[in-house]
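> turn this into a model:
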Amino acid sequence: MMYKKIFAAIAVALMVNACESFGSIHIDLNGSEDSSQNQDQNQGDSGVKTPSQAGSSAVKDGYKLVWEDLFDGTSLDSSVWNIEVNGDGGGNNELQYYRAENVSVGKDQQSGRNCLILTAKREAYANKAFTSGRVNSRNKKAFKYGKMEALIKLPSTANGLWPAFWMMGNDFDQVCWPRCGEIDILEMGNAAGIAAGTQDRYFNGACHWGYYKDVGGGNWAYPNYAKASTCSYSLQDGEFHLYTLIWDASLLKMYVDYDKNPGVAPYFEMGITSKDDDWGTGYYFHHDFFFLFNLAVGGNFTGIHNASAITALPAGAEASMYVDYVKVYQK
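Here you go, the predicted model:
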């Protein structure tokens, strides 16, 4: 796992940068494998949507809808979302520059659904070879516990695109990353999937928390856990798929297409009750978290750091991630 190789000077620099620049937080170091470090783990509609539409996994088991964004307007709701503008690489050596121009609200022409649209382009801008979009709801919409869902149509990640739906602790301003905690509900485009030729089906969930400390030999690390899965069908088939996080005081569990397959097993599950030491999950996942959506290009997760190796975006091409809605249910 790569985080075991981070030396003290690098760790300190990362912590300083994370506190100074929100764009440099999502440091996903080991999404390609099962890994653990001190964690308590338990192994069709179209047009305008109404709150009862859009194929969610439904209100059941005592859950009630408490908030949603259906992205049915003509622009992003600035009372809910922040559009990020930066080219700092997200702490992952990503190759894109995030621009407001790459974030829009409009129709997916294939389905007619109104969506949040994040578009990656191969275009030179501010010393970067690509541009793309990233939004977050920090200090505007944040939640503790519940069922969090997003209905998403992913682009073909081919070699180099890295779409993600995730959450981060809303106390980031006070404690920085990774103390604030991070919950990665969906990530695709990992190097392992590319190597196996299964990048349209290979995806993962992950969590990051705690803080950097010397674990011996001058190596600095923080606790995290990632679990990758290979779906039995393509998640990049031009259709919308539902990604669900069920989060309570004991567990984090993640599901794909929970609306169509309510009996499906979680693709990620982690206990959050451990307080055995100050790296215990019980200290980091019991407060409000906000949402993020982004479409990164290249970087450590993909294993691609050279623009010429990004086959997903040929010269002059673009690709988009469509988010039909995001919803929160609570008991």
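> correct me, but Phe301 touches Ala191?
Yes - Phe301 is within contact range of Ala191, at 7.1 Å (criterion: Cβ atoms under 8 Å). C-betas here are computed from N, CA, C, even on glycine.
> show me which of these two is the more surrounded one.
Between Phe301 and Ala191, Phe301 has the larger neighbour count (other Cβ atoms under 10 Å), namely 28 against 17.
> so that one sits in a strand?
No - assessed by DSSP: H, G, I helix; E, B strand; the rest coil, Phe301 does not belong to a strand; its assignment is coil.
> for Arg122, see how far away it is.
19 Å (Cβ to Cβ, to the nearest Å).
> can you get me a residue count around Ala226?
24.
> so is it in a helix, a strand, or just coil?
Under three-state DSSP, Ala226 comes out as strand.
> could you report the separation of it from Ala192?
To Ala192, Ala226 is 11 Å away according to Cβ to Cβ.
> Ala206 too?
Using Cβ to Cβ, Ala206 is found at 13 Å from Ala192.
> now swap in Leu154 and tell me
17 Å.
> more neighbours, those two?
Leu154 (27 against 17).
> residues contacting the more buried one?
If you count contacts by Cβ atoms under 8 Å, 6 or more residues apart in numbering, Leu154 has them with 163, 188, 235-236, 241, 321.
> repeat for Asn102
Shown in contact with Asn102 (Cβ under 8 Å, 6+ apart): 118-121, 131-133.
> and for Leu251?
42, 269-272 are the contacts of Leu251 under Cβ under 8 Å, 6+ apart.
> and these, which is closest to Gln174?
Nearest to Gln174 among these: Ile272, at 19.8 Å, using Cβ to Cβ.
> residues near that closest one, how many?
Number of residues near Ile272 (other Cβ under 10 Å) recorded here: 25.
> give the contact list for it.
When contacts are counted by Cβ under 8 Å, 6+ apart, Ile272 touches 40, 249-252, 281-282, 284-286.
> of these, just say which sits nearest to Gly197.
Closest approach to Gly197 among these (Cβ to Cβ): Leu252, at 29.8 Å.
> helix or strand for the closest one, which one?
Assessed by DSSP states H and E, Leu252 sits inside strand 251-256.
> pLDDT wise, what is Gly62 at?
For Gly62, the model assigns a pLDDT of 89.
> and what of Gly316?
Gly316 is given a pLDDT of 88.
> returning to that earlier point: the contacts of Leu154 in strands, which ones?
Residues of the contacts of Leu154 located in strands (DSSP state E): 163, 188, 241, 321.
> now list the buried members of these.
Among those, those scoring as buried are 163, 188, 241, 321 (criterion: 16 or more other Cβ atoms under 10 Å).
> now render the residues you listed as TSV, adding pLDDT.
Rendered in TSV, the data for these read as follows (pLDDT from 0 to 100):
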residue	pLDDT
Pro163	98
Met188	98
His241	98
Met321	98
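> what segments of the chain are helices?
8-20, 172-175, 191-196 (DSSP state H).
> closest to Ala158 out of the contacts of Ile272?
Ranked by distance to Ala158 (Cβ to Cβ), the contacts of Ile272 are led by Leu252 at 29.8 Å.
> what about Ala196, neighbour count?
Neighbour count of Ala196, defined by other Cβ under 10 Å: 12.
> sorry, that was for Tyr212
There are 19 residues near Tyr212, going by other Cβ under 10 Å.
> check it and give its pLDDT.
Reading off the model, Tyr212 has pLDDT 97.
> state the distance from it to Phe293.
Distance, Tyr212 to Phe293, by Cβ to Cβ: 27 Å.
> what about the stretch 1-150 of the chain, any weak spots by pLDDT?
In the predicted model of the stretch 1-150 of the chain, residues 1-55, 58-59 satisfy pLDDT under 70.
> circling back: for Gly197, state which of the contacts of Asn102 is nearest.
Checking these against Gly197 by Cβ to Cβ gives Ala120 as the nearest, at 21.7 Å.
> OK, contacts around the closest one?
By Cβ under 8 Å, 6+ apart, the residues touching Ala120 are 96, 102, 130-133, 155, 161, 295, 297, 312-313, 318-320.
> if you set the cut-off to 6 Å instead, what comes out?
The contact partners of Ala120, by Cβ atoms under 6 Å, 6 or more residues apart in numbering, come to 132, 295, 297, 319.
> could I get the contacts of Asn102 as JSON lines with distance to Tyr145?
Shown next, in JSON lines, are the contacts of Asn102 (distance: Cβ to Cβ, whole Å):
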{"residue": "Leu118", "distance to Tyr145": "27"}
{"residue": "Thr119", "distance to Tyr145": "33"}
{"residue": "Ala120", "distance to Tyr145": "33"}
{"residue": "Lys121", "distance to Tyr145": "38"}
{"residue": "Thr131", "distance to Tyr145": "36"}
{"residue": "Ser132", "distance to Tyr145": "31"}
{"residue": "Gly133", "distance to Tyr145": "29"}
